[in-house]
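1. Dropping the sequence and predicted coords here.
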Amino acid sequence: MLTWLKRRLRALMFMTLFLGGISYGSFTLALHPNLSVWEKDGNLIRSVTVREKVVALTFDDGPDPLRTPVLLDILRMHQTQATFFVVGSKAQKHPEIIRRMARDGHEIGNHSYSHRNFNHLNKWQILEEIRRTNQIITELSGHQPDLFRPPGGYLSYEMVDLTVKEGMLVAYWTWQQDSKDWRRGKPAPTIAAHIVEHIRPGQIIILHDAGDNGLQTARAVDIFLADLKQKGYRFVSMGELISRGAKD
C-alpha cells in the first residue's frame, strides 16, 4: 500500500510539473526537471559552496529613475557591491544610472530587453532579447555581461542552450532568499526580517529595485546590511561569489 502511495505521489508531482510547463515545453522557478543537471554542469547557478560568511546581493527589473538611485546611495553608504540584472529597454532610457552602477563597482547582468514572457517567444526572439541587452550594457558600462537572469525565472532547454552558447551563465537565485519584496505594500522590516532569518553562506539573494515597492526594498537593504554585517556576513556581487566558490 505504501509503495503504491509513493508511486501515486510521484505521478502527481510529475503531472504538476508537466502542466506547469506545458506551453512550449517551458518551466518557471523550481519546476524544470533538468534544473539539477544544469547546476551540476555549471550552466546554472543558484548558490555557491563557500567556507566563509559571504553571500551575493542581486537586484532585478531596473533601472528605475526614482528607486534605483536611492538604492545605489544606500549600497555606497554601506560600501557594498551587488549585481544588477537590468532590462535593456530601461537601460536605454536611463543610461546615466547604468554608468553610475559601473562607476560604483557593481556588476551588471542581463535581464532581457523587454521583460516579455519567454513562453511566447521563439528561439530567435529570445536570442535577440539577450544579444540586444548585452550590446547596450557593454556600450554603457564598458563590460560584457557574463550572467543572464531570465524574466520570471523562465527555464527551457532551448533558452539555457542559447545562453551557454553566448558564453553566459544562467543566474538563478537561492529559493529561500526570495522575499517577494516586489509585492505592493510589503514593508521594509518584513523584507529585511526574511533575509536575516534565512541567511546562509553562499546564498544568492534576489530583490527588485524597480516597481511600486522599490523604495521599501531599498530601506530593507539598509536594515539587513547593518544587521548581518555585525554578524560577520559580507555581501558581494554574484560574479565574485562564484569566483570565491571556485577558489574554495
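-> Arrived safely.
2. So, low pLDDT: which residues of the chain?
-> Applying pLDDT under 70 to the chain picks out residues 1-31, 246-248.
3. go with 80
-> For the chain, the stretches with pLDDT under 80 are 1-32, 246-248.
4. Identify the structural domains in it and state their residue ranges.
-> Domain assignment of the chain by automatic domain parsing yields the ranges 1-22+31-41, 44-247.
5. for these, which one ends up most surrounded?
-> Ranked by mean neighbour count, the domains of the chain are led by domain 44-247 with a mean of 19 (mean count of other Cβ atoms under 10 Å). (Each C-beta comes from the backbone N, C-alpha and C, glycine too.)
6. Using CSV, list the CA coordinates for stretch 189-198.
-> Included here for stretch 189-198 are C-alpha records, laid out as CSV according to Å, rounded to 0.1, in the frame of the first residue of the first chain:
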residue,chain,number,x,y,z
PRO,A,189,11.1,45.5,8.1
THR,A,190,9.3,42.4,6.9
ILE,A,191,11.5,42.1,3.8
ALA,A,192,14.7,42.5,6.0
ALA,A,193,13.5,40.0,8.5
HIS,A,194,13.0,37.4,5.8
ILE,A,195,16.6,37.9,4.6
VAL,A,196,18.0,37.7,8.1
GLU,A,197,16.0,34.7,9.1
HIS,A,198,17.0,32.6,6.1
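7. what's next to it, contact-wise?
-> Outside of stretch 189-198, the residues that reach it under the criterion Cβ atoms under 8 Å, 6 or more residues apart in numbering are 176-177, 179, 181, 205, 207, 216-217, 220-221, 223-224, 227-228.
8. now do stretch 227-244
-> 45, 48, 50, 52-58, 78, 80-83, 106-107, 109, 146-147, 169, 171, 192, 195-196, 199, 201-202, 204, 225.
9. what's the answer for stretch 85-96, then?
-> Outside stretch 85-96, the residues that touch it by Cβ under 8 Å, 6+ apart are 58-65, 68, 97-98, 108-115, 129, 132-133, 136-137, 140, 147, 149, 171, 210.
10. go with 6 Å
-> Defining contact as Cβ atoms under 6 Å, 6 or more residues apart in numbering, one finds that stretch 85-96 is touched by 60, 62-63, 65, 98, 109, 111, 113-115, 132-133, 136, 140, 149.
11. And stretch 36-50, by the same measure?
-> 160, 164, 169-170, 172-174, 201-203, 241-242, 244-245, 248.
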